[in-house]
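# predicted model and sequence below, questions to follow.
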Amino acid sequence: KKINMVKICCIGAGYVGGPTMAVIALKCPSIEVAVVDISVARIAAWNSDQLPIYEPGLEDIVKQCRGKNLSFSSDVEKHVCEADIIFVSVNTPTKTRGLGAGKAADLTYWESAARMIADVSKSDKIVVEKSTVPVKTAEAIEKILTHNSKGINYQILSNPEFLAEGTAIQDLFNPDRVLIGGRETPEGRKAVQALKEVYANWVSEDRIITTNLWSAELSKLAANAFLAQRISSVNAISALCEATGADVSEVAYAVGKDTRIGPKFLNASVGFGGSCFQKDILNLIYICECNGLPEVANYWKQVIKINDYQKNRFVNRVVASMFNTVAGKKIAVLGFAFKKDTGDTRETPAIDVCKGLLGDKAKICIYDPQVSEDQIQRDLAMNKFDWDHPIHLQPMSPTAVKEVSVTWDAYEATKGAHGICILTEWDEFKKLDYAKIYQSMQKPAFIFDGRNVVDPVKLREIGFIVYSIGKPL
Ligand code: NAD
Ligand code: UGA
């Protein structure tokens, strides 16, 4: 079979499956790509003008390829049956119940995808783990597939995804590396080669790393743990900066100038969020514990503890500086997404901050350029870890928190407010007319900048009382 006849199917049309497959379709015109999902609503959205996720550059690519070599379908079985290479990019949330609850990865969705593949396949398949999974998952998947194989040959590969939301298209076009792990058998090597040829359509050879299965699976968890650790490190230092009069931006710049450390990913913040850092570190911790390595587990736990500490610290600072109470006060929250340029709110620190302020009886008015009122109300009503289960399994109409209102306008959100919390680093927050906002607020007017996006000196000139992360007052 020639490479130009390859059919790819991706199970899971989410933040990873959608953009990744769109880019493969764009870069490999001779490959037919089908993205499938059990969520009919999500597939319908992928086929409409209003894509289910916001990602700069994505819409152009989807419009260019959809109907040519890229399709979105809820006929999961048909496309799995026809495919040569099957990517599995379903969600792998933290378990909420039973063994390992609150830590271990929940592989329910993965396992049901694997069983479905075994049920419907009539030809040999390469099955690619795209989801982030615990080390040794490939072994489990291999068992499910081979014990149900009906004589079909399956090769399992691990090909973790390193894209970040908000820059997904850029990251996919120009990845630091593509990692492919496979079995060290002749068939395994052949499968690795086949997947390598797909990426080689646009990624240079020296950036395609091949390893054994377990290294690939573990590298993904390790990479996210290292990244999150950098943020917890700079956030820990930010607390010390506030106590001493040092400025965390100056410290991070000076530290990052060391080429061994590097300048990126050292922005102090209200805390990291997103669907993966916490989930993947918890997963890593669980694996360490299961392998009898409590010291290693405890080392990584600290990264999450500092992140929780940072979010709490932010809320405490708001309440303490506003004369120890925010009861009945209007607090404007600018930004709800977990980072800029995405509408994704999974594990966003804004959820914890808002819940903390509501706990002190504040009235909150939220503005985010990409997040809807529905989504915000759902997030504030949801239990920890419930968010990462497919949308159709989430509570449909939670009772709205009545102390929370949501607007589509920053000026409306801040009007009459006692304080402003900036929780996402959206570029537009740098360009707001703060003099106008100041005029419309209660006095003294407070700003708590959880992302260090505004210039405290300029705002103080206007009259604001400004608290930044890790900066002198
Ligand atoms: P997501 O929730 O956006 O998408 C997963 C999709 O899979 C959902 O639409 C769900 O309906 C579907 N699904 C679940 N079970 C299915 C089944 N049996 N058959 C068909 N469809 C099914 O999740 P995501 O953010 O795309 O993440 C997917 C995986 O990729 C996770 O393991 C995550 O850790 C990893 N990852 C995510 C990112 C990111 O930036 N979001 C980056 C790298 C890796
Ligand atoms: C992260 C990784 O960067 C990706 O490589 C990885 O593929 C992905 O997780 C995943 O496995 O899901 P993502 O969560 O989309 O990507 O976004 P990041 O840019 O890493 O930001 C994560 C959080 O850290 C955000 O809340 C962000 O605001 C925060 N952050 C980031 C900081 O607080 N300071 C920084 O300097 C950088």
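Cool, got the structure. Ligands and ions are numbered 1, 2, ... in the order given.

# C-alpha from now on. contacts and neighbour counts both.
OK.

# which residue, neighbours along the chain excluded, lies closest to whatever residue of the stretch 1-150 of the chain ends up closest to ligand 2?
The minimum distance from the stretch 1-150 of the chain to ligand 2, using Cα to the nearest ligand atom, falls at Thr132 (7.0 Å). Excluding its sequence neighbours, the residue lying closest to Thr132 (Cα to Cα, 6 or more residues apart in numbering) is Pro160, at 6.2 Å.

# determine the number of other residues adjacent to that neighbour.
When neighbours are defined as other Cα atoms under 10 Å, Pro160 has 23 of them.

# what of Leu99?
For Leu99, the neighbour count with other Cα under 10 Å is 9.

# I'd guess it is in a helix, am I close?
No: per DSSP: H, G, I helix; E, B strand; the rest coil, Leu99 lies outside any helix segment and is coil.

# can you give me the pLDDT of Ala381?
pLDDT recorded at Ala381 is 89.

# going forward, the N-terminal residue is numbered 57.
New numbering, starting at 57: the last item is Ala437.

# give me the distance between it and Val460.
From Ala437 across to Val460, the span is 11 Å (Cα to Cα, to the nearest Å).

# tell me which of these two has more neighbours.
Neighbour count, other Cα under 10 Å: between Ala437 and Val460, Val460 has more, with 20 against 17.

# and the residue of the chain most remote from its centre, how far from ligand 1?
In the chain, Gly207 marks the outermost C-alpha relative to the chain mean, sitting 38.4 Å out by Cα atoms, centre = their mean. Gly207 is 23 Å from ligand 1, where distance means Cα to the nearest ligand atom, to the nearest Å.

# using the three-state scheme, assign that residue.
The three-state assignment at Gly207 reads coil, by three-state DSSP.

# show me which residues of the chain sit near ligand 1.
Proximity of the chain to ligand 1 is confined to 67-73, 93-95, 145-148, 165, 168-169, 187-188, 217-221, 332, 446 under the rule Cα under 6 Å from any ligand atom.

# quick check: pLDDT value at Ser205.
Ser205 carries a pLDDT value of 85.

# could you find the closest non-adjacent residue to it?
Ala174 (6.1 Å).

# burial of that neighbour, as a residue count?
Residues near Ala174, counting by other Cα under 10 Å: 22.

# go through the one helix or strand it maps to and flag the buried ones.
Counting by DSSP states H and E, the element that carries Ala174 is helix 164-176. Neighbour counts over helix 164-176 (16 or more other Cα atoms under 10 Å) mark Tyr165, Trp166, Glu167, Ala169, Ala170, Met172, Ile173, Ala174 as buried.

# what's the first helix or strand after that helix?
Sequence order places strand 181-185 as the next helix or strand after helix 164-176, per DSSP H and E.

# ok and that next one relative to helix 164-176, angle-wise?
Angle of strand 181-185 versus helix 164-176, following axes from the mean of the first three to the mean of the last three Cα atoms, to 10 degrees, is 180 degrees.

# who does strand 181-185 pair up with?
Paired neighbours of strand 181-185 in the sheet (DSSP bridges): strand 141-144 (parallel), strand 210-214 (parallel).

# export those as a markdown table, with columns for distance to Arg153, mean pLDDT and mean neighbour count.
As requested, the strands paired with strand 181-185 are arranged in a markdown table below (distance: least, Cα to Cα, whole Å; pLDDT from 0 to 100; neighbours: other Cα atoms under 10 Å):
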| stretch | distance to Arg153 | mean pLDDT | mean neighbour count |
| --- | --- | --- | --- |
| strand 141-144 | 24 | 98 | 24 |
| strand 210-214 | 27 | 97 | 25 |
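
# doesn't Ile341 make contact with Lys357?
Yes: under the criterion of Cα atoms under 8 Å, Lys357 makes contact with Ile341 at 6.9 Å.

# overlap in contacts of the two?
By Cα atoms under 8 Å, 6 or more residues apart in numbering, Lys357 and Ile341 have no common neighbours.

# those two: who's more crowded?
Using other Cα under 10 Å, the more surrounded residue of Lys357 and Ile341 is Ile341, with 23 against 16.

# which of the three states applies to Arg98?
From three-state DSSP, the assignment for Arg98 is helix.
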